[in-house]
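>>> When you get a sec, could you give me coordinates for this:
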Amino acid sequence: MYYTKVNQDNCIACGLCQIISPELFDYTSEGIAFTKMDANAGTAPVTAEQFDAFLHAYRKCPTGAILRSNRPFPSAE
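Numbers count the residues shown, from 1 in each chain. Below is the predicted model of the structure:
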């Protein structure tokens, strides 16, 4: 099981992740990517149905802004 979120400081708003995996990724009004399923918290697991598209987006991100973990990311607070 994987968890994902976007390091928004590294995102260059190229659009690739949303093109590859629109069910997982979207953009803020400034064009910065975020994960849709948990508002970029990294606490909701990537489903089996989403996994292939997630992995493709993760590998294609030109700045490595898409993060992955085998456990939920810690809270930002």
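>>> Next one: P74 from I19, what distance?
Going from P74 to I19 by CB to CB, to the nearest Å gives 29 Å. The C-beta positions use only the backbone N, C-alpha and C, and glycine is treated the same way.
>>> Could you pick out the longest helix of this structure?
Longest helix in the chain by number of residues (criterion: DSSP state H): helix 51-60.
>>> Work out the sheet partners of the very next helix or strand once past it and label each with its direction, please.
For helix 51-60, the succeeding helix or strand toward the C-terminus, using DSSP states H and E, is strand 66-69. Strand pairing for strand 66-69, determined by DSSP bridges: strand 3-6 (antiparallel).
>>> now the partner strand: mean pLDDT?
What strand 3-6 shows for mean pLDDT is 97.
>>> Please give the centre-to-centre distance between the helix or strand just after it and its chain.
For strand 3-6, the following helix or strand on the C-terminal side (DSSP H and E) is helix 16-20. With CA atoms, centre = their mean, to the nearest Å as the basis, helix 16-20 stands 10 Å off its chain's centre.
>>> same deal with stretch 17-25?
8 Å.
>>> Poorly predicted segments of this structure, please.
Scanning the chain for pLDDT under 70 picks out 76-77.
>>> Lovely, talk soon.
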